[in-house]
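Trainee: predicted structure and sequence below. I'll ask about it afterward.
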Amino acid sequence: MSGIKLICGKELDRVFRDRKMIFSVFFLPVIIMVGIMSLVGNLSNNAQKDVEAHTSIVYIQNSPVGFPQFLKAADRDCKIYEMSDWEKATEMIKNGDADLLIKFPENFVDMVSGYKQGDVIPQIKTYYNPSEDYSRAAYDTISTGVLEAYRQSLLSQRVDNMEGLTVFTVNSDNPDMVIQDEEKAGGKILGMMLPYFVTILLFAGAMGIGTDMVAGEKERGTMASLLVSPIKRSSIVLGKVIALMIISGVSSVIYVGALVAFMPQMIGGADLGMNLTLNPKQIAMLAVLLVAIAFLYSAIIVLVSVFARTTKEASSYVMPVYMLILVLGMTTMFTTKTPGEWVYAVPIYNTSLALQGILTQEVTTMQYGVTLGMTLVFGAVLIGVIGKAFESEKVMSI
């Protein structure tokens with residue numbers, strides 16, 4: 001036990017006594033994560049505001065009398081032009097120089113006013129470019145909104161009692177139509193991103209230190225001296241893994257805390273009308289699971305590092321494992337179906353599902369227990385493998 005404490009203390013001193021190391025391991029990733037996500041959120045928010053403030057450029061062919069004024073009244077932020085050259089107008093839509101084309105049939109007014117049963121119903125055609133944000137916004141506003149209001153306006157001239165044509169309305173006076181649990185909705189947002197970011201930051205944070213703990217000591221020649229010391233090799237293994245687990249655990253708490261605290265800034269300051277706070281039960285479940293994840297990731301990194309001769313070689317071995325874990329964490333962002341109970345027995349992937357379930361308050365006690373148990377068991381198996389590797393002179397002399 002004293003050997004484990006000695007090795008663990010040595011590794012922790014190496015990190016926590018170095019201010020530069022503390023900053024690079026614990027704070028720099030948080031600053032980068034919050035900075036990048038805040039920048040992306042603000043850019044996205046500004047792009048949306050720019051689209052909303054844009055003055056739409058609309059070309060109309062065979063415009064009926066009064067329609068330009070109707071359009072102006074409904075959407076004041078638009079410029080209206082009469083279309084004379086169809087080819088030129090379509091080219092402008094394609095190039096983004098115009099936002100919407102509206103084509104009325106010839107004699108539109110006569111067709112509407114003189115309509116009789118059996119006549120051809122006039123059709124208004126609109127053309128837009130869905131790859132242009134301004135054009136898509138103009139289509140959504142005018143084609144599906146203003147033209148419907150114009151249709152109702154013309155219909156009221158034909159029918160005296162418009163209410164007689166209305167069979168029912170949908171949510172015309174229903175301000176309380178949204179029914180949701182704000183805590184669960186907020187957890188849904190966190191649950192989409194948290195497993196992904198925990199995987200990136202926790203594993204990446206431990207990767208640099210973990211590879212240096214074994215492969216780095218081999219490269220510097222200090223591992224040979226450590227192996228011939230009176231400390232048991234199993235104590236060396238546990239000491240290094242526990243030290244790396246503590247470092248990973250502390251970093252994960254900082255990362256998750258920063259993610260929750262800076263969530264409004266990271267989504268561009270938008271008010272989602274949702275509760276992004278966590279209750280004590282969620283915090284406790286997250287804390288325990290993060291410790292288990294830190295234990296597993298530490299064991300994986302140390303195991304890979306054992307079979308490398310240099311830190312550079314260890315980093316190249318760890319990278320494919322990192323990418324695999326990253327993909328597994330990313331898959332939960334796009335999961336819509338309820339996962340089967342057996343999935344929670346799949347190591348690594350189950351932790352991402354459990355993290356998401358904790359935040360959305362949908363994970364069951366059994367699912368959480370299976371995930372926690374499998375993570376600890378799998379980590380313990382890897383520790384056993386590392387211990388066997390340390391006992392092998394062939395492996396340790398690589």
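Mentor: Received the coordinates, thanks. Residues are numbered from 1 along each chain as shown.

Trainee: residue contacts, Ser143?
Mentor: Residues in contact with Ser143 (CB atoms under 8 Å, 6 or more residues apart in numbering) are 100, 102, 126, 128. Any C-beta I mention is one placed from the backbone N, CA and C, and that applies to glycine too.

Trainee: in PyMOL, select just the buried ones from those residues.
Mentor: Selection of the buried residues among the contacts of Ser143 in PyMOL, burial being defined by 16 or more other CB atoms under 10 Å:
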select buried, resi 100+102+128
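
Trainee: JSON lines please, covering the contacts of Ser143 and showing distance to Leu155 and pLDDT.
Mentor: Formatted as JSON lines, the contacts of Ser143 follow (distance: CB to CB, whole Å; pLDDT from 0 to 100):
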{"residue": "Leu100", "distance to Leu155": "23", "pLDDT": "93"}
{"residue": "Ile102", "distance to Leu155": "19", "pLDDT": "92"}
{"residue": "Thr126", "distance to Leu155": "19", "pLDDT": "92"}
{"residue": "Tyr128", "distance to Leu155": "25", "pLDDT": "93"}
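
Trainee: which member of the contacts of Ser143 is positioned nearest Ile22?
Mentor: Nearest to Ile22 among these is Tyr128, at 54.1 Å by CB to CB.

Trainee: correct me, but the closest one touches Ala137?
Mentor: No. Look at Tyr128 against Ala137 with CB atoms under 8 Å: they stay out of range, at 9.4 Å.

Trainee: shaky segments in the stretch 1-150 of the chain?
Mentor: When residues are selected by pLDDT under 70, those of the stretch 1-150 of the chain lie in 1, 76.

Trainee: which residues of it fall in strands?
Mentor: With strands called from DSSP state E, counting those that start in this stretch, the stretch 1-150 of the chain shows them at 56-61, 78-82, 100-103, 125-127.

Trainee: using PDB, write down the CA coordinates of the longest one.
Mentor: What that stands for is strand 56-61. The C-alpha trace of strand 56-61 is given here as PDB (Å, rounded to 0.1, in the frame of the first residue of the first chain):
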ATOM      1  CA  SER A  56     -35.500  40.800 -49.600                       C
ATOM      2  CA  ILE A  57     -35.100  41.400 -53.400                       C
ATOM      3  CA  VAL A  58     -38.300  40.100 -55.100                       C
ATOM      4  CA  TYR A  59     -39.000  40.000 -58.900                       C
ATOM      5  CA  ILE A  60     -42.600  39.700 -60.100                       C
ATOM      6  CA  GLN A  61     -43.900  38.700 -63.500                       C
END
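
Trainee: adjacent strands (with direction) for it?
Mentor: Strand pairing for strand 56-61, using DSSP bridges, gives strand 78-82 (parallel), strand 100-103 (parallel).

Trainee: roughly how far does Met374 sit from Ile301?
Mentor: For Met374, the distance to Ile301 equals 19 Å [CB to CB, to the nearest Å].

Trainee: more neighbours: which of those two?
Mentor: A direct count of neighbours by other CB atoms under 10 Å for Met374 and Ile301 places Ile301 higher, at 28 against 19.

Trainee: which ones are touching Ser305?
Mentor: Contact analysis of Ser305 by CB under 8 Å, 6+ apart lists 210-211, 213-215, 314, 317-318.

Trainee: ok, Ile4 to Glu11 distance?
Mentor: Counting by CB to CB, the separation of Ile4 from Glu11 is 11 Å.

Trainee: between those two, which contacts overlap?
Mentor: Gly239.

Trainee: picking that back up, shared neighbours, Tyr128 and Ala137?
Mentor: The contact sets of Tyr128 and Ala137 overlap at Asp99 (CB under 8 Å, 6+ apart).

Trainee: for Ala215, which non-adjacent residue is spatially closest?
Mentor: Ala314 (3.7 Å; CB to CB, 6 or more residues apart in numbering).

Trainee: do I have it right that the one you found meets Val302?
Mentor: No. The criterion here is CB under 8 Å, and Ala314 misses it with Val302 at 9.7 Å.

Trainee: just the pLDDT for Gly186.
Mentor: pLDDT recorded at Gly186 is 57.

Trainee: wait, Thr375
Mentor: For Thr375, the predicted pLDDT is 91.

Trainee: residue ranges of the helices in the stretch 1-150 of the chain, please?
Mentor: Under the criterion DSSP state H, counting those that start in this stretch, the stretch 1-150 of the chain contains helices at 2-16, 19-22, 28-53, 67-74, 86-95, 108-113, 133-138, 147-158.

Trainee: what's the most buried one of these?
Mentor: helix 133-138 (a mean of 20; mean count of other CB atoms under 10 Å).

Trainee: can you tell me what sits against it?
Mentor: With CB under 8 Å, 6+ apart, helix 133-138 has contacts from 47, 51-52, 54, 56-58, 78, 93, 96, 98-100, 128-130.
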